[in-house]
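Asker: Got a predicted structure plus its sequence, pasted below:
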Amino acid sequence: MRGSGIRARRACRFLRARWRVLVRLGAWSVLEAGQTFLVGYALARALDAGFLAGNARTGLLWLGAAGLSVCAGAYGTGRVYGVVAALVEPARDRLVTAVVARGVREADAGALSGLTQQVEIARDTLAGVVMVTRSFLFTAAGALIGLCSLAPLLLAVVLPPLLAGVALFAATLGPLARRQEAFLTADEALAQELGEVLPGLRDITASGAEKRAADGVGRRTDAELRTARTLARWSAARVAALAVGGELPAVLLLLTAPWLLAHDVTPGALVGALAYVTQSLLPALNNLIHGLGTSGSRLTVVLNRLLGQPPKGRGAVSDMRLPPRGRDKPHTARTRRTTALPPSPDAHTALAVTALTFAYGPTSEPVLDDLDLTLPAGAHLAVVGPSGIGKSTLTSLITGLLTPQQGSIHVYGHPAPAPQATVLIPQEAYVHTGTLAENLTLFRNEPLPEPELLAAADAVGLTPLLKRLGGPGAPVTPAELSAGERQLIALTRAYLSAAPLALLDEATCHLDPEAEARAERAFAARPGGTLIVVAHRISSARRAGRILVMDGARTACGTHDELLRASALYRDLTGRWTPRPAPLSR
């Protein structure tokens, strides 16, 4: 209960901060409610003042008005989807931030995949909950106002069963959520049991443990069956709620029709009331019960898991994306929230790679084979080589995204991964919804003085974008930024981190050469900082003090002039990177 109260307060704060979005949502929803009101009211007027009164023209005009209201309502519904997205996407960003803050990035790949899926489930179900709840509230308001306008007696017949049906449905939401969570837990337990049994079937058969293994799986299967049956029984209560709240009002209108007509309710008003119930209230209640009953319980379960107690032993980190399987493909990587690095016995050596060997599979050729590399603190290294040779693989190994089969990696004397010592900026920069300052200080635990932020922006080259957006407190919409602008924000964020070793994995590929040079010079001059750049331009390699040419068994490291003499691949790359002079005209 305490956790539910905390989440409710967070939700209220979140909604209060987005009151403008709620106002827009309400405004477009009123257009839908107007359609609901006119459909029943216009039908009643078309009968009473038109066709039943012998005035077909008036009847047709009222029916035309009802048709126009349907078109207006459809337009409002279309606008509602955009507003709901503006409400749901920031909520998704908050969930991702909360999950990451609990240390999800330290989890194994399977656990991370599950949590990522749960965040997407939360986003989709939240959008569904907002849509069906909003639709029911405004549709019910339009229909009830219409009933009262036609005849208050109609409202007295329809409202009590409607409220009873909604109350019955609300009473089932809590038990449904608990049964849904129990079912998911039983399903996960069965999957885990099967995952342990299936790989060992041969050993189970050889040791005669078939019955014991079958009993264990059978218990898990029976437990899931019981939870599924309980969930199905509680789901049946939704049918009763729909019958009471949506279908019973129509039956009562028909049963009380003689009494209503005898008490000054016109035939048109009675037909209009039936239209309100069958065409508006019943579909809206049906969507609410089936949508909220399913999506609401799933949302509750997922939020309990995402925002519940963090797993034991997890640390707080900032963001993680798993590298895809394949050669040299991890272009998305992790950058971590950093604090002061503890002292080490070898703090003057930024990177020490010894006998490093890595392959993407037990039968695959090694991407890196017995690689040795030493980089002093404050150095600037460029990594070059053809696509697929292992450049991004090397950066992923240094940051701990991948684990080598052999060898060791030490960052400032600490075994990799050393999250407090490394910050990796991938090719596809991540920018989240929020202010520019929130994006730039993502890797800082302590408050950042604005002069330091502005100085970092000026060093990296973000100042023009910062001014155009309106300063550090300006809101950022990622979809409205270009790929280069997102890269500048990610670069400045990494520049402001406390990690001394920065790795740029083609993190400037969307910048022009001048902007790229400025950003690299800023990182190279960062006090106490060391820079490794996966280069995609010869100018980027020339700026580095040393260059690592990745060429399989012929990998070499040296200065530009040394490699021109010693590495045929580097000579070839330099020739392809350097523009050929234009031919002389005759």
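Answerer: Arrived safely, thanks for sending. Numbering: from 1, shown residues only.
Asker: Tell me how far residue 549 lies from residue 384.
Answerer: Taking Cβ to Cβ, to the nearest Å as the measure, residue 549 and residue 384 are separated by 6 Å. Quick note: C-beta positions are derived from backbone N, CA and C, even for glycine.
Asker: With residue 395 instead?
Answerer: 13 Å.
Asker: Now the common contact residues for these two.
Answerer: Counting by Cβ atoms under 8 Å, 6 or more residues apart in numbering, the common neighbours of residue 395 and residue 384 are residue 534.
Asker: Give me the below-cutoff pLDDT ranges for this protein.
Answerer: Residues of the chain that meet the criterion pLDDT under 70 lie in 1-8, 10, 96-120, 200, 202-204, 206-208, 293-347, 576-586.
Asker: Without its sequence neighbours, what residue ends up closest to the most centrally placed residue in it?
Answerer: In the chain, the C-alpha nearest the mean C-alpha coordinate belongs to residue 92, at 5.0 Å (Cα atoms, centre = their mean). Excluding the flanking residues, the one nearest residue 92 by Cβ to Cβ, 6 or more residues apart in numbering is residue 123, at 4.2 Å.
Asker: now swap in residue 518 and tell me
Answerer: Of all residues not flanking residue 518 in the chain, residue 461 sits nearest, at 4.5 Å (Cβ to Cβ, 6+ apart).
Asker: The one you found: neighbour count?
Answerer: Using other Cβ atoms under 10 Å, residue 461 is surrounded by 20 other residues.
Asker: residue boundaries of the helices in the stretch 201-350 of the chain?
Answerer: Counting by DSSP state H, counting those that start in this stretch, one finds helices in the stretch 201-350 of the chain at the ranges 201-206, 210-242, 248-255, 257-262, 267-275, 282-287, 297-306.
Asker: Mind putting those into CSV with distance to residue 178 and mean neighbour count?
Answerer: Shown next, in CSV, are the helices of the stretch 201-350 of the chain (distance: least, Cβ to Cβ, whole Å; neighbours: other Cβ atoms under 10 Å):
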stretch, distance to residue 178, mean neighbour count
helix 201-206, 35, 11
helix 210-242, 9, 15
helix 248-255, 28, 17
helix 257-262, 43, 13
helix 267-275, 38, 22
helix 282-287, 23, 19
helix 297-306, 9, 21
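Asker: next one: stretch 237-247 to chain centre, how far?
Answerer: Distance, stretch centre to chain centre, for stretch 237-247: 35 Å (Cα atoms, centre = their mean, to the nearest Å).
Asker: That stretch spans what distance, first to last residue?
Answerer: Its start and end residues considered, stretch 237-247 measures 15 Å (Cα to Cα, to the nearest Å).
Asker: cool, stretch 534-553 as well?
Answerer: Counting by Cα to Cα, you get 19 Å between the two ends of stretch 534-553.
Asker: got the contact list for stretch 254-267?
Answerer: Under the criterion Cβ under 8 Å, 6+ apart, residues 44, 47-48, 52, 150-151, 153-154, 157, 253, 270, 274 lie in contact with stretch 254-267.
Asker: Angles on the backbone of the closest residue to residue 504 other than its chain neighbours, please.
Answerer: In this structure, residue 504 finds its nearest non-sequential neighbour in residue 533, 4.6 Å apart by Cβ to Cβ, 6+ apart. Residue 533 has phi and psi values of phi -120, psi 120 when expressed as degrees, to the nearest 10.
Asker: Just want to check the distance between the residue nearest to residue 279 when sequence neighbours are not counted and residue 560.
Answerer: Excluding the flanking residues, the one nearest residue 279 by Cβ to Cβ, 6+ apart is residue 39, at 6.3 Å. The spacing between residue 39 and residue 560, counted by Cβ to Cβ, is 76 Å.
Asker: So these two - more neighbours on which side?
Answerer: residue 39 (23 against 17).
Asker: Now the more buried one: which helix or strand?
Answerer: helix 19-45 (DSSP states H and E).
Asker: and if you look at residue 499?
Answerer: Here residue 499 is assigned to no helix or strand, by DSSP H and E.
Asker: what number of residues lie near it?
Answerer: Neighbour count of residue 499, defined by other Cβ under 10 Å: 26.
Asker: what separates it from residue 244, distance-wise?
Answerer: Here the criterion is Cβ to Cβ. By it, residue 499 lies 61 Å from residue 244.
Asker: What of residue 415?
Answerer: Taking Cβ to Cβ, one finds residue 415 at 65 Å from residue 244.
Asker: cool, residue 92 as well?
Answerer: Separation of residue 92 from residue 244 (Cβ to Cβ) stands at 35 Å.
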